[in-house]
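J.: sequence and computational prediction follow.
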Amino acid sequence: MQRITVKTAPIPGQKPGTSGLRKKTAVFMRSPFLENYVQATFDGIGGIEGQTLVVGGDGRYFNDQAIAIILRMAAANGAATCIVGQGGVLSTPAASHLIRKRGADGGLILSASHNPGGPDADFGLKYNGPNGGPATESVTEKIYARTQDISEYRIADADAPDIGQIGTHALGPMRVEVIDPVSDYADLMESLFDFDAIRALLRSGFRLRFDAMHAVTGPYASEILENRLGAAAGSVVNATPSPDFGGGHPDPNPIWARDLMDTMYGPDAPDFGAASDGDGDRNMIVGRGCYVSPSDSLAVLADLAHLAPGYARGLKGVARSMPTSGAVDRVAQAKGIACYETPTGWKFFGNLLDAGMASLCGEESAGTGSDHVREKDGLWAVLLWLNILAIKNTSVAQLMQAHWAHYGRNYYSRHDYEEVDAEAANALIRDLTTALPGLAGQRFGALEVAQADEFRYDDPVDGSTARSQGIRVFFTNGARVVFRLSGTGTAGATLRVYLERLETVPDALAEDPQTALADVIAAADAIAGITARTGRAQPDVIT
Ligand code: G1P
Ligand code: ZN
């Protein structure tokens, strides 16, 4: 094998966002876009000489070709071993687990998560560190800096081995270990949950439907839910991963998982429905006629995780991203455990998990996870729910009613305005930031502003500070609205508006969230001038 050094020049636009670098597939495919970013990653982390890396992706279009390039570059940069999922496939949580289990130095995960895949859709790449979690801000900044002064990349002149076969191959002096992507992860799940109790629940006639959305969790869910737990054959639907996710949008929410919602709200609905996203780290939970918002799901899991063997000793603490509802805070308070509020993005949970300060984390965007890995984990959340339902012997709807009756209900919704003009979106946030000091005391319809600020996070573990992490407006009745711009989009800007109000009156707990939040929705528009500035009368996606 020859190590070839290829001259290159910086390519603009390689700044990692909320979760690695995401671009249109065609952009990633235009050489040397990928090569530059991979070399900048290797350089940014201080080189990979002698290292062991885990490499895998969600199987989307260009996954296999990108992996071949990454393997050739890893070999030329002196890596000792690359551990690769068969066929180049690894769910994000499975990759995180493998890094930890094998004591690897890090990993490269190829995914644009819930964004659609295909030649005209999206692609992404992110680096995870030795703890199995997404690179921290300080690391992504070094990678970004390197993309701006890169002058060459290194690549092997030899072909990458066939990663379709399990076994050990050589690429020059580098080992390429092709492994079964599912088994280690399935074993981990079996060690955390009461599989006997879930098996008994499923034998008792409890029916479930898991929608893999033509994405990476298909093989994982089939093995765990059907093979190991005995769910009826066909319980896992859309289980064969496809490079363009069946032409769909692999985002597990009521909009994109419409089929599942229709089934769960239709006649003869199963007892439990769930879905996961492109790379398997998100989850959606829906009972018969009862959708569970991710913020509520986090709160329920915090309340009842101890029913699963892996969490029987209780939680050390919990953490949620700032825009996530305060439902979990109320559980933490009742249990006397700490609750941390972090910026959006899983990378901010890593330090808290590593330090043993939190063992359960979640985001309103359908991400929930624990200290078993350093990523959010879709199937893990599904199994924890099943474990809880098996022990409590109750339905999802009953469980939610009991939860709200005890803790109150944080009515919650997120309104997304997608692909709006970037200038208009930036101006909206800029003007809102300028207006912040004068907002307190102002009335917007029925609501009065108590306080407004820009969220900033001081990491209690490493002392780092993250500024400008979203605008928060608190009202005197306890309601809240948050405005921020997405950091994962690939076209224009996406404005996210997060709306929340706590209700504790017993007979007001069963309203439609959009109705319950009407005042907050109206105030949000009045405060930010959303319609006037974006030209949109309605959000594109309401979750
Ligand atoms: C979105 C979600 C965020 C999540 C991220 C990666 O980021 O809002 O919670 O961590 O995807 O899955 P955003 O597009 O809002 O920056
Ligand atoms: Zn994802």
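T.: Structure received. Ligands and ions are numbered 1, 2, ... in the order given.

J.: what comes up buried for the longest helix along the chain?
T.: Criterion DSSP state H: the longest helix present in the chain is helix 422-439. Of the residues in helix 422-439, 424, 425, 428, 429, 432, 436, 439 count as buried by neighbour count, 16 or more other Cβ atoms under 10 Å. All C-beta spots, glycine's among them, are computed from the backbone N, C-alpha and C.

J.: C-terminal to it, what's the next element?
T.: Once the chain leaves helix 422-439, the next helix or strand it forms, by DSSP states H and E, is strand 443-444.

J.: quick one: strands adjacent to that next one?
T.: Using DSSP bridges, strand 443-444 pairs in its sheet with strand 447-454 (antiparallel).

J.: which residues are in contact with the partner strand?
T.: Applying Cβ atoms under 8 Å, 6 or more residues apart in numbering, the contact partners of strand 447-454 are 433, 436, 439-443, 467-477, 479, 519-520, 523, 527.

J.: how about that strand: buried residues?
T.: Buried-residue list, strand 447-454, by 16+ other Cβ under 10 Å: 447, 449, 450, 452, 454.

J.: how close does the fourth one sit to residue 318?
T.: Okay, so that is residue 452. Note on residue 452: its distance to residue 318, by Cβ to Cβ, to the nearest Å, is 26 Å.

J.: show me the contact partners of the longest helix of the chain.
T.: Helix 422-439 has contacts (Cβ under 8 Å, 6+ apart) with 417, 449, 452-454, 471, 473, 483-485, 492-495, 527-530, 533-535.

J.: which of these are buried?
T.: 417, 449, 452, 454, 471, 473, 483-485, 492-495, 527-528, 530, 533-534.

J.: take these and keep only those in strands.
T.: 417, 449, 452, 454, 471, 473, 483, 484, 485, 493, 494, 495 (DSSP state E).

J.: in the sheet, who's paired with residue 211?
T.: Beta-bridge partners recorded for residue 211 (DSSP bridges): residue 237, residue 275.

J.: send the alpha carbons of the helix or strand hosting residue 219 over as CSV?
T.: Using DSSP H and E, residue 219 sits within helix 217-221. The C-alpha trace of helix 217-221 is given here as CSV (Å, rounded to 0.1, in the frame of the first residue of the first chain):
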residue,chain,number,x,y,z
THR,A,217,-33.1,0.2,13.3
GLY,A,218,-34.9,-2.4,11.2
PRO,A,219,-32.4,-5.2,11.8
TYR,A,220,-31.9,-4.2,15.5
ALA,A,221,-35.6,-4.1,16.2
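
J.: what about that helix, average pLDDT?
T.: Averaged across helix 217-221, the pLDDT comes to 97.

J.: quick one: residues in contact with that helix.
T.: By Cβ under 8 Å, 6+ apart, the list of residues contacting helix 217-221 from outside reads 89, 91, 94, 181-182, 185-186, 210, 212, 236, 238-241, 276, 280, 378-379, 382.

J.: and the buried ones among these, selectable in PyMOL?
T.: PyMOL command restricting the contacts of helix 217-221 to the buried ones, with burial defined by 16+ other Cβ under 10 Å:
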select buried, resi 89+91+94+181+182+185+186+210+212+236+238+239+241+276+280+378+379+382
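
J.: in helices, which of the contacts of helix 217-221 appear?
T.: 94, 185, 186, 378, 379, 382.

J.: looking at the residues you listed, which one is closest to residue 155?
T.: Minimum distance to residue 155 across these is 27.1 Å, recorded for residue 94 (Cβ to Cβ).

J.: drop anything exposed from the contacts of strand 447-454.
T.: The neighbour count (16+ other Cβ under 10 Å) marks 436, 439, 469-475, 479, 519-520, 523, 527 as buried among these.

J.: list the buried ones in stretch 172-187?
T.: Buried, per 16+ other Cβ under 10 Å, within stretch 172-187: 174, 175, 176, 177, 178, 179, 181, 182, 185, 186.

J.: measure that stretch end to end?
T.: Start-to-end span of stretch 172-187 (Cα to Cα, to the nearest Å) is 33 Å.

J.: run the chain-centre distance for that stretch.
T.: 23 Å (Cα atoms, centre = their mean, to the nearest Å).

J.: ditto for stretch 419-434
T.: How far stretch 419-434 lies from its chain's middle: 25 Å, per Cα atoms, centre = their mean.

J.: quick one: is that stretch near ligand 1?
T.: No - for stretch 419-434, no contact with ligand 1 is found by Cβ under 6 Å from any ligand atom; the gap never falls below 12.4 Å.

J.: can you classify the residue of the chain found nearest ligand 2 as helix, strand or coil?
T.: Minimum separation of the chain from ligand 2 (Cβ to the ion) falls at residue 113, amounting to 3.1 Å. Here residue 113 takes the coil state, with states given by DSSP: H, G, I helix; E, B strand; the rest coil.

J.: what is the neighbour count of it?
T.: 27 (other Cβ atoms under 10 Å).

J.: what about residue 295, helix or strand, and which?
T.: Per DSSP H and E: helix 294-304 holds residue 295.

J.: how about that helix and ligand 2, touching?
T.: No - on the criterion Cβ under 5 Å from the ion, helix 294-304 is out of touch with ligand 2, staying 12.8 Å away.

J.: helix or strand right after that helix?
T.: Going down the chain from helix 294-304, the next helix or strand is strand 317-321, by DSSP H and E.

J.: any idea of the angle that following strand forms with helix 294-304?
T.: Between strand 317-321 and helix 294-304, the angle comes out at 180 degrees (axes from the mean of the first three to the mean of the last three Cα atoms, to 10 degrees).

J.: same question for the next helix or strand after strand 317-321, mean pLDDT?
T.: Proceeding N to C from strand 317-321, the next assigned helix or strand is helix 327-335, under DSSP H and E. Averaging pLDDT along helix 327-335 gives 98.

J.: residues from the chain in reach of ligand 2?
T.: Close to ligand 2, as judged by Cβ under 5 Å from the ion, the chain has residues 113, 277, 279, 281, 282.

J.: show me what contacts the last one?
T.: Right, residue 282. 113, 114, 251, 252, 276, 365, 366, 367, 376, 378.

J.: what of residue 65?
T.: Counted by Cβ under 8 Å, 6+ apart, residue 65 has contacts residue 29.
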